[in-house]
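Undergrad: no FASTA, just this:
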């Protein structure tokens, strides 16, 4: 078991963040957590998705709910637990289920804000994973 | 496999707890439990913090009355004040105070809205029927502060334009020593523009009201907080200044300073939750938050305590609000040394307090990865020496 945390590089403003499984590593996902700022105009259609591709084809897409009043902040965690969301005023905290996917080198994890307001943006994102080396 | 229970130290009031996995350990978390004791009082009872058992009754009649961040500087995120739009929201106090024939004092924090009713009543004491004994009023649009006594509309004293009508928070004090009525704003004396004879003593006060007239019209528009009447004593300038300075530090200091002066009553006016408390379980690697796990359940608006249990491998979270039981489904947590587990409570109140925090974990995975060295004995192991003898 080798637990690691990687941070995404996000250039604000951005409606997406990306992680790529490096060569010769195999990741077992434990969680993805991201922060965003939410501007006025996103509700009620705003949602968050975490997509996983093999580099070409989408193999999984997991949605997460929006929460909180606008303007505000969003904190979204994808982890192996039932979906939930809470909010206090503009601070929304959301959990969406994420199975412990095993991802080969070259797999891509993408987080996106759908139905965003004009000034919505991701601020930070981190992936917590257990990795093992692989020959390929 | 061995099961362990860790009891982390818990912080004082108004703070969340967290604990770190010690070096050379690997927690396979079986469950987490903790108790959240919330501030006393409900939105119907204005608790008396003086210990004199003189609670008031809220009348929250017209939206958008709500409890908001308090005015005491440095504590606005936690302590609540009481804000009122143009309506008849008030707090009734069934105790007579501020009999102007005897020394008295009144302290409060307030932020007047830019617009509102022509007469904002901070505090009024009456005989319960027809006679105002002492009333404190803010008049719009000029921002005059008027003190009335013993008859409706009889201005005992007026300070012209001294009340900022810009929503800014200020500390106020009124004192009467039997001879002189003194007004303070932010610890400094404010001179009266006009003063007069208070009027004949018509009655002894038997009831009082915060934020509204008991007789005639007039409400309150703004935020009012930390109201404390003092009977039989006129606070000195030094005492008023001490209170103001304590308020600049924060609610804990201010509250202690008020109680040290033995008020007749002391109303924090924070008895209702603003938007409710929401507890999020937070996991970090020591630096970065890797999981923030909400319950997804309804916010906690009532008085506590609330008993939390976070459990992995559950299909759903559940809540028994009347019993204050909340069970939250969490992911499996395998936490190496240096990782932390704790809570972040959205809208935590100043006097909310966590207690009885327990982290239940096993060493199943730790043992699978790094079995005990046969020459490294776990804590509590007993070595037994037995000598074998042989018969030649």
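TA: That came through, no problem. Just so it is clear, the model here is predicted, and its values are computed rather than measured.

Undergrad: Show the pLDDT at residue B:216.
TA: We have a pLDDT of 66 for residue B:216.

Undergrad: distance of the residue nearest to the spatial centre of chain A from residue B:169?
TA: Closest to where the C-alpha atoms of chain A average out (C-alpha atoms, centre = their mean) is residue A:111, at 4.3 Å. Per C-beta to C-beta, to the nearest Å, residue A:111 is found 40 Å from residue B:169. Backbone N, C-alpha and C define where each C-beta goes, glycine included.

Undergrad: Flag every residue of chain B that's near chain A.
TA: Within chain B, the residues that sit near chain A (C-beta under 8 Å from any C-beta of the partner chain) are B:275-278, B:280, B:283, B:285, B:287-297, B:299, B:312, B:314-317, B:329-332, B:334, B:336, B:346-347, B:365, B:369.

Undergrad: Out of those residues, which sit inside strands?
TA: Judged by DSSP state E, the residues of chain B next to chain A include B:278, B:280, B:283, B:289-294, B:312, B:329-330, B:334, B:336, B:346 as members of strands.

Undergrad: Any figure for the gap between residue B:365 and residue A:130?
TA: Applying C-beta to C-beta, the value for residue B:365 to residue A:130 is 11 Å.

Undergrad: and if you look at residue A:74?
TA: From residue A:74 to residue A:130 the distance is 26 Å (C-beta to C-beta).

Undergrad: now residue A:2
TA: Applying C-beta to C-beta, the value for residue A:2 to residue A:130 is 6 Å.

Undergrad: which one of these two has more residues nearby?
TA: Set side by side, residue A:2 and residue A:130 give different neighbour counts by other C-beta atoms under 10 Å in any protein chain shown, the larger being at residue A:130 (16 against 11).

Undergrad: Tell me the bridge partners for the more buried one.
TA: Beta-bridge partners recorded for residue A:130 (DSSP bridges): residue A:3, residue A:28.

Undergrad: Please give me every residue in contact with it.
TA: By C-beta atoms under 8 Å, 6 or more residues apart in numbering or on different chains, the contact set of residue A:130 is A:1, A:2, A:3, A:4, A:27, A:28, A:30.

Undergrad: just residue A:131 next, same as before
TA: Residue A:131 touches A:2, A:4, A:25, A:26, A:27, A:28, counting by C-beta under 8 Å, 6+ apart.

Undergrad: Could you tell me how far it is located from chain B?
TA: 13 Å (C-beta to the nearest C-beta, to the nearest Å).

Undergrad: separation between that residue and residue A:62?
TA: To residue A:62, residue A:131 is 20 Å away according to C-beta to C-beta.

Undergrad: Residue B:369 and residue A:2 touch, don't they?
TA: No. Here residue B:369 lies out of contact with residue A:2, judged by C-beta atoms under 8 Å, at a distance of 10.4 Å.

Undergrad: Let me know the helix or strand that residue A:111 is in.
TA: Using DSSP states H and E, residue A:111 falls within strand A:108-114.

Undergrad: likewise residue B:245?
TA: Going by DSSP H and E, residue B:245 is in helix B:237-249.

Undergrad: any idea how far whatever helix or strand comes next after that helix is from the chain center?
TA: The element immediately downstream of helix B:237-249 (helix or strand, assigned by DSSP H and E) is helix B:251-260. In terms of C-alpha atoms, centre = their mean, to the nearest Å, the centre of helix B:251-260 is found 12 Å from the chain centre.

Undergrad: For the contacts of residue A:131, pick the one with the most neighbours.
TA: When neighbours are counted by other C-beta under 10 Å, residue A:27 leads these with 23 neighbours.

Undergrad: that older thread, which residues are in contact with each of residue B:365 and residue A:130?
TA: Jointly contacting residue B:365 and residue A:130 under the rule C-beta under 8 Å, 6+ apart are residue A:1.
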